[in-house]
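Visitor: Here is a sequence with its predicted model. Questions after.
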Amino acid sequence: LHTVEKGQTLYAIAKVYDLGINDIILENPGAMDGLKNGQVLKIPAVKPVAKVTAKDTAKPLVHKVEPGQTIYAISKLYQVKAEDIEKLNPEAKSGLKPGQILKLPAGAKMPEIAVNTGNPTVTKDSVKAVKDTTAFTLKKKDKYNVAVFLPFGLWRTEEVDVDKIIGKQAQLPNKMEVSLQFYEGVLLALDSLEKKGCNFKLFVYESDENDSAEILNTLKKSEFNDMDLIIGPLYAAPFQRVAKFASAKGICAVSPMLQTNKVLFGNNTAVKTTASLVTQMEHLAVHVAEAHKGKKVVVISSGNPKDQVYVNTFKKSYDEYRKATGKDTVQVLSGIGNLGSMLSQTDTAIVIAPTNSQAYVSDLVRMLSSLAEKNKMIVYGTASWSNFDNIDYEYLQMINYSFTTPYYFDYQDSINQPLLQKYRNIYKGDAAEKTIMGFDVGWYFGDALWRYGKDFYLKLPEITSSGYQQTFRFYKTDTGSGYENRGVHILRMYDYKLLKVR
C-alpha cells in the first residue's frame with residue numbers, strides 16, 4: 001500500500017516502484033480521475049520498497065518555449081504553479097518568446113509525451129525518466145497502406161430508394177450518410193496529397209457499432225501485416241479492438257469522432273482527434289480567465305454527477321490560473337435560484353453552465369434570458385445547445401450564448417472556397433461538415449505518414465497544424481497510452497450567427 005503525499009503524480013509513483021502507470025490504474029481505477037493527498041493506493045509490488053516522498057520523485061527541468069505557449073499552459077504541462085515559474089523567470093512576466101529557455105521549479109514533472117523525437121520542450125537529461133517511449137527512426141516507403149473503417153451499413157442498401165433521395169422525398173440512413181460524407185473528405189485529402197507526390201493505397205472496411213467480433217476477423221486479413229495507418233472505427237467498442245491490435249503492431253489508429261479518452265488507455269499508438277469535454281473545460285477556464293479579467297464568474301451546477309465532473313474541471317483549472325494572476329473570482333451555484341442577486345445592469349457577469357441535458361437546458365435558457373433583459377451576461381454552455389429543437393435562437397442571442405467546440409468551419413470564408421468548389425466539381429453538391437472533418441483528418445495524418453513514415457505518431461506533439469475545420473495540437477495522455485487532440489475553438493452567437501472568438 002502506498003499513501004499519496006502532496007505533489008505526487010501517478011507517473012512519479014510508478015517510476016519509483018518500477019511499474020507502468022497502467023499497472024497502478026488496474027488496481028486503482030479511480031486514480032484515473034486524479035490523486036488526493038492521503039489517498040491509499042494498492043501497489044502490485046513483489047518485494048519491499050523504500051518509502052517514497054514527493055521530494056524524492058521530483059526532478060528539475062528546463063523548458064524551451066514554443067510559438068503561442070503561455071506561462072499557464074507550461075505550468076499545466078509540468079504540473080507546477082504558474083506563479084512559481086514566474087518567480088524563477090521574472091522576465092517571463094512581460095511575455096514569452098519562441099525559443100526562450102525557462103527554469104522550472106522543484107517538483108516539476110516530466111511531461112508524459114513522446115520524447116526522443118527531437119521535441120525541443122524536453123531536455124536531453126529528462127529522456128531517461130520515460131521508459132515506454134520508443135525512439136523515432138525515419139523509415140520511408142514508396143507507398144503507404146491506409147485502412148478506413150466506417151459504418152456504411154451496406155447490408156441496408158436494398159432499403160435505399162435512390163429515386164426518392166434524388167427527388168428529396170427521402171434521405172439516406174444517418175450512419176450511411178455520415179460515413180459517405182466522411183469518406184468523401186478522406187478521398188479528397190488523399191487525392192490532393194497524391195498530386196503533391198505522395199502515394200497511398202486505400203483499404204475500406206465496413207464497421208458498425210456492435211460488430212466487434214467481425215472487426216477481429218477483418219484484422220486477420222493478410223493486408224494488415226503491412227498496414228501503415230488505420231482511420232476508424234467511429235464507435236468505442238470496435239475502435240478499442242482496433243487500437244489494441246494497432247498498438248501491438250506499431251500502427252497508428254485514429255479515432256476521428258469519439259470524445260472519451262478511455263479508448264486511449266493502454267494503447268500507445270491510438271489517437272483521438274476530438275477533444276473531450278473535460279479538455280474543453282480546461283481550455284474554457286483559461287479563456288475566461290484571460291478574456292474576462294476582473295469579471296464575476298459564476299458556474300451553475302445541474303446536479304447531474306456527469307455534469308459535476310465538468311464543473312469541477314472548470315473550477316480547478318480556473319482557480320489554478322487565478323492563483324497566478326491574484327485576481328478574478330469564481331462561484332458555484334446549485335441551480336439558478338440565487339443568480340439574479342449576483343448580476344448587474346452595468347458590469348457583465350460570466351455564467352458557465354456545462355451540461356448537455358436538453359430538459360435542464362431548456363428551462364435554464366428561458367430563465368437566463370429573462371434575467372438578461374435587465375442584466376449583462378455572457379453564458380458559456382456546450383455545443384449541443386444550438387442543436388436542441390426546443391431552444392429558441394432568440395433566447396440564445398439574448399444571453400450571448402458561447403461554447404467550446406473542436407470544430408469550426410465558415411462556409412462564407414474565402415479561404416475555404418477552393419475546397420468547397422473542388423467538392424462541387426467532383427460530387428455535384430455541397431460539402432457537409434463531416435466531409436470537411438474527413439478532409440482534415442485525411443490530410444493531417446496522410447501528410448504526417450508520408451513525411452515521417454509509419455512511426456510518425458511518435459512525433460505528433462511536434463506536428464501542430466490548422467485544418468479547415470480542426471486545429472491539431474496533440475498531447476500524450478499518459479505513459480503507455482495514446483494521444484488526444486487538444487485543439488479547441490470558442491464560438492459566440494452574434495446576430496443569430498455563431499462566430500469564432502478564439
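Guide: Thanks, I have it.
Visitor: Against residue 203, how distant is residue 302?
Guide: Going from residue 302 to residue 203 by C-beta to C-beta, to the nearest Å gives 44 Å. C-beta: built from backbone N, CA, C; applies to glycine.
Visitor: Same check on residue 364?
Guide: Here residue 364 is placed at a distance of 47 Å from residue 203 (C-beta to C-beta).
Visitor: Same question for residue 317.
Guide: From residue 317 to residue 203 the distance is 41 Å (C-beta to C-beta).
Visitor: Going by how many neighbours each has, rank residue 302 and residue 203 and give me the top one.
Guide: Between residue 302 and residue 203, counted using other C-beta atoms under 10 Å, residue 302 has the larger neighbour count: 22 against 15.
Visitor: and that one, what does it touch?
Guide: 335, 353, 355, 357, 360, 364 (C-beta atoms under 8 Å, 6 or more residues apart in numbering).
Visitor: The helix or strand where the fifth one lies: which residues count as buried?
Guide: When secondary structure is defined using DSSP states H and E, the element that contains residue 360 is helix 358-372. Neighbour-count burial for helix 358-372, counted by 16 or more other C-beta atoms under 10 Å, picks out 360, 361, 362, 364, 365, 367, 368, 369, 371, 372.
Visitor: So the residue of the chain most remote from its centre, which state does it fall into?
Guide: Here the chain reaches farthest from its C-alpha mean at residue 163, the gap being 40.4 Å by C-alpha atoms, centre = their mean. Look at residue 163: counting by DSSP: H, G, I helix; E, B strand; the rest coil, its state is helix.
Visitor: Sketch out the low-pLDDT regions of the protein for me.
Guide: Applying pLDDT under 70 to the chain flags residues 22, 26, 29, 32-33, 45-60, 67-69, 94, 110-137, 211-212, 324-328.
Visitor: what about stretch 156-168, start to end distance?
Guide: End-to-end distance of stretch 156-168: 19 Å, with C-alpha to C-alpha, to the nearest Å as the criterion.
Visitor: which residues are in contact with that stretch?
Guide: In this structure, residues lying in contact with stretch 156-168 by C-beta under 8 Å, 6+ apart are 170, 171, 172, 173, 176.
Visitor: Can you tell me which of those residues comes closest to residue 472?
Guide: residue 176 (27.5 Å; C-beta to C-beta).
Visitor: helices or strands up against the helix or strand where the closest one lies?
Guide: Residue 176 belongs to helix 174-195 when assigned by DSSP H and E. Under the contact criterion of 3 or more C-beta pairs under 8 Å, 6 or more residues apart in numbering; DSSP states H and E, helix 174-195 touches strand 144-150, strand 200-206, helix 417-427, helix 433-452.
Visitor: now do 6 Å
Guide: Packing partners of helix 174-195 (3 or more C-beta pairs under 6 Å, 6 or more residues apart in numbering; DSSP states H and E): helix 433-452.
Visitor: Contacts for the following helix or strand past the helix it packs on next, please.
Guide: Next along the chain after helix 433-452, taking DSSP H and E as the criterion, comes strand 465-466. Contact with strand 465-466 is made by 444, 472, as judged by C-beta atoms under 6 Å, 6 or more residues apart in numbering.
Visitor: Name the strands paired with strand 465-466 and say parallel or antiparallel.
Guide: Using DSSP bridges, strand 465-466 pairs in its sheet with strand 471-472 (antiparallel).
Visitor: just how off-centre is the partner strand within its chain?
Guide: Averaged C-alpha coordinates place strand 471-472 at 9 Å from its chain's average position (C-alpha atoms, centre = their mean, to the nearest Å).
Visitor: again, but for stretch 37-45
Guide: The chain centre lies 29 Å from the centre of stretch 37-45; the measure is C-alpha atoms, centre = their mean.
Visitor: any residues touching it, and which ones?
Guide: By C-beta under 6 Å, 6+ apart, the list of residues contacting stretch 37-45 from outside reads 1, 2, 3, 4, 6, 17, 23, 27, 28.
Visitor: Work out which residue lies at the spatial centre of this protein.
Guide: residue 275 (2.0 Å).
Visitor: so what's it up against?
Guide: Counted by C-beta under 6 Å, 6+ apart, residue 275 has contacts 406, 485, 486, 488.
Visitor: With residue 145 instead?
Guide: Here residue 145 is in contact with 201, 226, 227, 228 (C-beta under 6 Å, 6+ apart).
Visitor: of those, closest to residue 289?
Guide: Using C-beta to C-beta, residue 228 comes nearest to residue 289 of those, at 41.7 Å.
Visitor: Quick check: that closest one touching residue 143?
Guide: No: counting by C-beta atoms under 6 Å, residue 143 is not a contact partner of residue 228; they are 9.1 Å apart.
Visitor: which one of those two has more residues nearby?
Guide: Counted by other C-beta under 10 Å, residue 228 and residue 143 do not tie: residue 228 has more neighbours, with 21 against 10.
Visitor: Residue 279 - nearest residue in space that isn't next to it in sequence?
Guide: Counting by C-beta to C-beta, 6 or more residues apart in numbering, residue 279 lies nearest to residue 486, which is 5.4 Å off, once chain neighbours are set aside.
Visitor: residue boundaries of the helices in the stretch 1-150 of the chain?
Guide: Along the stretch 1-150 of the chain, the stretches classed as helices by DSSP state H, counting those that start in this stretch are 10-16, 21-27, 54-57, 71-78, 82-88.
Visitor: Now do the buried residues in stretch 260-274.
Guide: Those would be 261, 263-274, for stretch 260-274 by 16+ other C-beta under 10 Å.
Visitor: rewinding a little: including distance to residue 186, could the helices of the stretch 1-150 of the chain go into a markdown table?
Guide: Formatted as a markdown table, those follow (distance: least, C-beta to C-beta, whole Å):
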| stretch | distance to residue 186 |
| --- | --- |
| helix 10-16 | 35 |
| helix 21-27 | 32 |
| helix 54-57 | 44 |
| helix 71-78 | 31 |
| helix 82-88 | 40 |
